Structures are given as C-alpha cells and as structure tokens.
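Engineer: I need the structure of the sequence given here:
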Amino acid sequence: MNVYDFDNTVFTPDSSASFLLFCLRHYPRAALKALPLSAVETVIYLAQGRKDAKWLKQALFSFLNGLDNVEAVVDEFWQCHADHMEAWYLKQLQPDDLIISASPEFLLRPMTDRLGISLMATRMDACSGQIRGKNCHDEEKARRFLEVYPADSIDCFYSDSLSDSPMAALAREAFLVTDGEFYPWPGKE
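Structural biologist: Numbers count the residues shown, from 1 in each chain. Alright, predicted model coming up:
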C-alpha cells in the first residue's frame with residue numbers, strides 16, 4: 001500500500017484554505033460569521049505557540065452551521081477544484097492507496113470516493129465544525145494508521161511536510177514532495 005498526505009502533496013494548494021476561500025466568495029454571510037472567533041483563536045494560537053491547531057481549525061470551520069446544505073456546498077467545491085489534483089498522482093493511483101490528512105474528512109471524502117481510494121482524516125462534524133477526537137496531524141496520523149493497519153504495511157509514503165516524519169518512519173520508502181518532484185525523505189535514504 002502507498003500512503004499519501006493530501007494538501008500540497010496530491011492536491012494543490014491546501015484544500016481547507018481553498019474551501020474556506022470558496023465559501024467566503026460564494027457564501028459570504030456564513031463565512032464572515034466565523035471571522036471574529038477565528039481572529040481570536042489565531043492570535044491565541046500564534047501567541048501561545050500551540051502545536052495543536054484543533055481549536056483554530058474549529059473556529060475557522062464554525063461557519064458551517066450557517067450553511068443550509070454542507071454536502072451540496074462541498075460537492076460544488078469539488079466541481080470547481082477537482083482539477084487541482086496532481087497529474088503525477090493520478091498517473092500512479094492504485095486502488096489500495098490511502099490518503100491520510102489533517103483536513104476534514106467530510107471535505108475530502110467526495111474526492112477520495114471519486115478516486116476509489118481510502119481516507120483517514122480529521123473527524124469534523126460537517127454541521128458545526130467541531131472536531132471529534134484529535135486533529136489528524138503529526139503523531140496522530142501514525143497513531144490512527146496503526147490502529148487499523150500493521151506497522152509494516154506501507155510501501156511508500158509521500159508528503160510535502162517534515163511534520164509527517166512519524167508516518168515516514170513507518171514506510172519502507174518515503175518521499176518529500178516539492179512542486180511535483182520527489183526527494184528521498186531526510187534521514188531515511
């Protein structure tokens with residue numbers, strides 16, 4: 001099995017940021033409603049140097065409760081953004097691929113279902129923006145992966161971020177992805 005990070009790896013740019021901007025453009029009343037809380041959480045996040053972005057992410061997605069039909073909005077988003085999937089990935093896609101991402105599961109599920117691949121992502125309530133459990137980032141990705149799969153089941157892992165080193169450590173081979181180019185994972189050569 002090959003495992004991939006999603007944002008800035010197989011999809012460019014970041015899907016959460018793209019979705020937030022999409023909603024700001026198409027559903028400004030709902031998106032602007034989250035602005036005050038998001039601003040406060042951003043200041044706290046930066047001032048305290050928090051590593052866990054859970055509270056910030058919940059604040060940013062709190063606008064979801066102002067949308068009448070989140071599923072329809074997500075479908076509309078993918079109609080406009082499906083072409084942001086990286087061509088190199090689409091050429092090597094395999095049915096047993098796994099996407100593991102900090103982005104919300106409800107946001108990525110339509111695309112991974114369309115591609116016919118598996119998904120592990122942040123479990124976020126699509127109506128409220130509240131995260132159930134932990135943000136699927138850093139060590140949490142590896143922890144969640146190991147709950148479901150044996151430690152030796154990753155042939156290749158791909159990510160744009162060194163914060164995914166816990167996942168890279170589980171793979172036989174790991175690659176850092178930069179602008180569609182692959183480089184051996186630092187320290188894993």
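
Engineer: okay, which residue is most central for the chain?
Structural biologist: S103 (2.7 Å; CA atoms, centre = their mean).

Engineer: next, that residue: secondary structure please.
Structural biologist: Classification of S103 by DSSP: H, G, I helix; E, B strand; the rest coil places it in strand.

Engineer: which residues sit in contact with it?
Structural biologist: F6, D7, D14, S15, S16, A121, T122 (CB atoms under 8 Å, 6 or more residues apart in numbering). In this view, the C-beta of every residue, glycine as well, is placed from N, C-alpha and C.

Engineer: kindly provide the distance from the residue nearest to the first one when sequence neighbours are not counted to D160.
Structural biologist: Nearest non-adjacent residue to F6, counting by CB to CB, 6 or more residues apart in numbering: S101, 3.9 Å away. Shown here: S101 relative to D160, a distance of 11 Å by CB to CB, to the nearest Å.

Engineer: quick one, which of those two is more surrounded?
Structural biologist: Remark: of S101 and D160, S101 carries more neighbours, 26 against 19, as counted by other CB atoms under 10 Å.

Engineer: okay, and the beta partners of the more buried one?
Structural biologist: When bridges are called by DSSP bridges, S101 pairs up with A121.

Engineer: hey, where'd the helices end up in this protein?
Structural biologist: Using DSSP state H, the helices of the chain run over residues 15-26, 28-33, 35-48, 54-60, 70-81, 87-92, 105-115, 139-148, 165-170.

Engineer: any stretches of this structure with poor pLDDT?
Structural biologist: 50-52, 189 (pLDDT under 70).

Engineer: coming back round to it: mean neighbour count and distance to P186 for the helices of the chain - can I get that in TSV?
Structural biologist: Below are the helices of the chain laid out as TSV (neighbours: other CB atoms under 10 Å; distance: least, CB to CB, whole Å):
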stretch	mean neighbour count	distance to P186
helix 15-26	17	25
helix 28-33	15	38
helix 35-48	14	27
helix 54-60	21	27
helix 70-81	15	31
helix 87-92	12	21
helix 105-115	18	27
helix 139-148	16	17
helix 165-170	19	9
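
Engineer: and the nearest residue to R123 once chain neighbours are set aside, what does it touch?
Structural biologist: Residue nearest to R123 in three dimensions, not counting chain neighbours: R132, with 4.3 Å by CB to CB, 6+ apart. Residues counted as contacts of R132 (CB under 8 Å, 6+ apart) are R123, M124, D125.

Engineer: phi and psi next, for R132.
Structural biologist: Main-chain torsions, R132, degrees, to the nearest 10: phi -90, psi 120.

Engineer: quick one: closest of the helices of the chain to I154.
Structural biologist: helix 165-170 (5.3 Å; CB to CB).

Engineer: can I get the CA coordinates of the closest one in PDB?
Structural biologist: Provided in PDB are the C-alpha atoms of helix 165-170 (Å, rounded to 0.1, in the frame of the first residue of the first chain):
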ATOM      1  CA  SER A 165       8.000  12.200   9.900                       C
ATOM      2  CA  PRO A 166       6.100   9.800  12.200                       C
ATOM      3  CA  MET A 167       4.400   8.400   9.100                       C
ATOM      4  CA  ALA A 168       7.600   8.400   7.000                       C
ATOM      5  CA  ALA A 169       9.200   6.300   9.800                       C
ATOM      6  CA  LEU A 170       6.500   3.600   9.200                       C
END
